[in-house]
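Asker: coordinates only, no sequence provided:
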């Protein structure tokens with residue numbers, strides 16, 4: 001029989017084959033073996049065996065790497081035992097002479113994953129072992145490969161340790177960082193100096209080994225300094241490397257620029273070296289802003305990057321055509337570094353309470369040596385004149401793919417594209433230095449207004465700056481006056497469809513979108529509506545149309561938007577937007593236009609009705625073409641919801657189109673269900689709230705609502721509101737058809753939900769009891785076990801939240817008021833289930849109810865209980881009459897709290913409802929709101945005079961129990977006279 005190693009090797013060979021059936025069998029076998037002791041040590045032995053096929057070894061190391069996540073931690077199920085782990089750790093570093101690059105890299109990753117868990121407690125000598133391997137191979141040519149593998153492994157280990165963010169882990173890393181830095185820095189310097197010595201003696205650079213090795217070492221150094229030291233300005237080693245890196249940056253950048261062949265491996269390494277040093281400075285400034293400023297040489301670094309921006313300001317576009325991935329990235333790093341320097345607020349995050357003096361010194365250096373007024377003005381001018389300007393490639397893309405250009409420009413990708421990055425930097429610059437820059441920007445704007453056709457790209461950049469600085473310029477720039485004074489110019493460009501003017505037309509649409517939410521008078525809004533809608537017309541350039549549509553949404557979204565002022569432009573806006581959405585091809589564009597339409601529908605409310613057909617006519621086509629665009633279909637559901645809410649009763653005309661969409665959106669059988677469910681439920685609820693009749697199509701959706709109750713998830717609240725809406729709309733039809741499945745679902749939900757969810761279900765039951773004839777509900781609330789579940793919860797008082805218990809007893813009160821005989825019949829049935837006497841169970845229920853009466857806070861529910869107790873006493877049942885004294889106490893409490901009108905109503909009962917019945921404005925209410933108000937006004941709580949009701953029931957009780965005198969002798973005589981006098985006084989008021 002073959003050994004376990006041979007069996008594993010054979011199985012790995014099967015798993016690494018290209019035949020799916022063999023792979024499936026092998027992977028199943030490996031899954032069984034992976035929990036067996038010595039599996040992973042044997043797997044590592046095969047992975048390190050160079051005589052084994054490289055594909056098998058590569059599969060093995062990947063399998064091992066994935067197994068670390070599952071079984072290496074001590075707390076994992078089927079965790080690898082400590083002895084096997086120790087054996088594995090002793091062999092992990094034996095791959096250093098591996099010639100296969102991908103295999104070696106994955107082995108290094110494996111070491112780093114284990115190091116993240118085991119260092120330093122279980123693998124304390126890891127770093128020293130790696131450093132020993134590195135130092136032992138220095139200046140030994142045959143061992144260059146081993147050294148590269150060891151440095152790469154050290155880099156990945158450092159990277160893994162940096163990712164541990166808990167306090168003790170951070171402290172541990174800071175303890176090992178100084179020694180690591182000294183060793184790795186010496187390796188970096190050694191190889192970098194070799195490289196410079198080589199190029200000083202020969203112009204032909206062919207051997208890139210030293211450059212590759214120093215690049216990997218630099219990656220480790222970057223993380224060590226940034227994450228391993230609290231303040232680099234106080235440590236000699238970090239200060240020295242900060243200066244050294246700057247020296248190397250200049251040399252490598254000069255050398256990089258001297259290369260003619262930008263596709264050569266050497267150029268790519270030099271470019272990576274320059275970018276990595278830049279990344280070091282950018283990240284260091286971002287995470288340690290004060291330390292960065294206080295470190296000697298930091299001003300030189302900032303000045304150098306500033307000079308790069310100045311030097312390339314006119315030529316970088318040409319350079320990008322030959323070095324597309326180099327120059328732009330370096331310039332973006334320059335902008336990011338200056339952006340971090342500018343943001344003074346970030347400096348407060350880098351200090352402790354005892355270091356406020358350092359903050360003060362850093363800000364002083366910043367303001368006096370870097371952000372001087374002359375530099376700020378020069379920087380702003382540089383950004384506007386060179387980096388905010390549309391480039392040639394922008395204009396080419398504008399012509400070739402206008403829709404794609406707009407969507408790309410709107411995307412938040414500023415850290416990777418130079419113009420968006422420059423916009424972010426300018427925004428921060430004017431925010432921090434508004435007093436210096438405001439006069440400069442106003443002067444530029446004034447000069448731009450004097451020219452109509454010269455240098456439109458510069459004019460566009462100036463307008464961009466004014467838009468970006470809207471929140472800082474609002475009190476120095478009279479935007480209204482500027483807009484009025486430029487309406488003549490706007491009229492000119494609106495009538496001039498020359499290619500060049502479309503750039504300014506697009507920018508005007510954009511700048512209006514930036515300023516309308518900051519400063520725009522009511523008088524000028526109509527003209528803005530006119531300009532924005534005009535820019536969307538079909539004769540306009542496509543970029544201008546799409547930009548205007550996007551920024552029109554900003555105007556409509558203002559908090560003080562005047563819908564009446566927009567009415568004259570509503571028809572044109574809807575017509576043009578619906579046409580534009582039919583012309584665009586990208587779903588991103590359609591989504592933006594649809595969101596604009598959706599907002600217009602919401603803000604215009606009922607005024608949208610005459611134009612609703614134009615919107616609804618395009619939606620079926622959009623729904624059809626949406627296919628798998630999961631973000632677009634929800635947007636269609638949203639606009640339909642807002643349209644229904646705006647149309648109110650008229651929305652019934654949309655049922656034929658909308659209801660199949662609702663059915664599709666809420667069906668668990670559709671793939672898109674998870675994306676559409678919430679918006680589909682909102683649309684469904686809106687349809688119900690705004691309809692005056694329940695069409696067959698609408699009623700056929702009820703089973704879907706019942707089915708969704710089973711989910712019991714975060715959508716439960718919406719589903720309950722939908723069922724409530726059906727009960728309010730067609731109570732008898734809903735109860736007759738679906739009361740049993742609905743009540744059965746409620747019964748299963750009780751006990752597994754939070755108190756708020758239980759209250760929501762009780763509210764639906766309460767409305768059902770009010771809206772429907774009680775005879776229709778008797779069977780379902782008993783046969784489904786609902787009433788039994790409620791009773792069991794009430795009796796288990798120690799297990800349920802009092803907040804929920806109060807709502808439960810209100811259901812019993814409703815039932816008693818509707819049919820006390822049914823209640824007693826139910827008690828008889830329940831007593832058989834509890835296996836106790838009916839009288840004992842009745843007594844326990846009443847005792848619990850009375851004991852918790854003081855927990856009932858709302859006057860409505862307190863009156864409901866008082867009415868229920870009054871209803872119960874119309875009996876000869878001695879158990880019920882035995883509680884007469886407690887009932888009288890409840891009546892006295894409730895009658896003392898409120899002062900009812902002659903009809904039995906009091907304003908206090910309307911608390912937390914819609915409005916007092918004398919204050920209802922029926923013209924401003926949805927159909928469902930009217931139905932709820934009508935139901936509330938029929939509620940016995942509002943229609944019953946409690947004094948008269950108690951008198952009536954006491955009279956009935958007296959008649960059933962031998963007359964007033966006999967009743968007094970047998971029952972009232974047991975009640976405290978003071979309580980009786982109090983009741984008599986309250987009843988005679």
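Answerer: Looks like it arrived, so ask away. Small disclaimer: the values here were computed from a predicted structure and weren't measured.

Asker: list the residues that contact residue 225.
Answerer: With contact taken as Cβ atoms under 8 Å, 6 or more residues apart in numbering, residue 225 is in contact with 177, 181, 232, 238, 241, 242, 280, 284. The way it works is simple: take the backbone N, C-alpha and C, and place the C-beta from them, glycine included.

Asker: what secondary structure does residue 520 sit in?
Answerer: coil (DSSP: H, G, I helix; E, B strand; the rest coil).

Asker: helices and strands of the chain: which one bottoms out on pLDDT?
Answerer: helix 487-495 (a mean of 53; mean pLDDT, DSSP states H and E).

Asker: tell me the helix or strand right after that helix.
Answerer: helix 501-515 (DSSP states H and E).

Asker: ok, and what's touching that following helix?
Answerer: 390, 453, 456-457, 459-460, 463-464, 466-468, 470, 479, 483, 490, 493-494, 528, 531-532, 535, 540-541, 543-544, 547-548, 550-552, 554-555.

Asker: give me that answer again for 6 Å
Answerer: Identification of contacts with helix 501-515 by Cβ atoms under 6 Å, 6 or more residues apart in numbering yields 456, 460, 463, 467, 470, 479, 493, 528, 535, 541, 543-544, 547-548, 551, 554.

Asker: that helix: how far from the chain's middle?
Answerer: Using Cα atoms, centre = their mean, to the nearest Å, the mean C-alpha position of helix 501-515 is found 31 Å from that of the whole chain.

Asker: with stretch 120-131 instead?
Answerer: Counting by Cα atoms, centre = their mean, stretch 120-131 comes out at 41 Å from the chain centroid.

Asker: buried ones in that stretch?
Answerer: Neighbour-count burial for stretch 120-131, counted by 16 or more other Cβ atoms under 10 Å, picks out 123, 126, 127, 130, 131.

Asker: for the record, mean pLDDT for that stretch?
Answerer: Mean pLDDT, computed over stretch 120-131, is 93.

Asker: what is the burial count for residue 469?
Answerer: Per other Cβ atoms under 10 Å, the neighbour tally for residue 469 reads 23.

Asker: which residues does it contact?
Answerer: Taking Cβ under 6 Å, 6+ apart, one finds residue 430 in contact with residue 469.

Asker: 10 Å instead?
Answerer: Counting by Cβ atoms under 10 Å, 6 or more residues apart in numbering, residue 469 makes contact with 380, 426-427, 429-431, 434, 437-438, 441, 476-477, 514.

Asker: what does residue 886 give?
Answerer: Residue 886 is in contact with 846, 847, 849, 850, 851, 853, 869, 975, 979, counting by Cβ under 10 Å, 6+ apart.

Asker: could you check the pLDDT of the fifth one?
Answerer: Meaning residue 851. 88.

Asker: helices and strands around the longest helix belonging to the chain, which ones?
Answerer: Counting by DSSP state H, the longest helix found in the chain is helix 167-201. When contacts are defined as 3 or more Cβ pairs under 10 Å, 6 or more residues apart in numbering; DSSP states H and E, helix 167-201 sits against helix 126-136, helix 144-162, helix 209-228, helix 236-257, helix 265-287.

Asker: show me what the following helix or strand past the longest one is packed up against.
Answerer: Scanning forward in sequence from helix 265-287, with DSSP H and E defining helices and strands, the next element found is helix 289-294. Packed against helix 289-294 by the contact rule (3+ Cβ pairs under 10 Å, 6+ apart) you find helix 236-257, helix 265-287, helix 298-312, helix 327-342, helix 356-365.

Asker: again, only this time at 8 Å
Answerer: Packing partners of helix 289-294 (3 or more Cβ pairs under 8 Å, 6 or more residues apart in numbering; DSSP states H and E): helix 265-287, helix 327-342, helix 356-365.

Asker: same for the shortest one, what does it pack against?
Answerer: Helix 356-365 sits against helix 289-294, with contacts defined as 3+ Cβ pairs under 8 Å, 6+ apart.

Asker: which of the residues in the host helix or strand of residue 842 are buried?
Answerer: Residue 842 belongs to helix 838-851 when assigned by DSSP H and E. Neighbour-count burial for helix 838-851, counted by 16+ other Cβ under 10 Å, picks out 838, 839, 841, 842, 844, 845, 846, 848, 849, 850.

Asker: how far does the next helix or strand after that helix sit from its chain's centre?
Answerer: The helix or strand immediately downstream of helix 838-851 is helix 859-872, counting by DSSP H and E. Distance of helix 859-872 from the chain centroid (Cα atoms, centre = their mean) equals 46 Å.

Asker: between helix 859-872 and helix 838-851, how many degrees?
Answerer: 150 degrees (axes from the mean of the first three to the mean of the last three Cα atoms, to 10 degrees).
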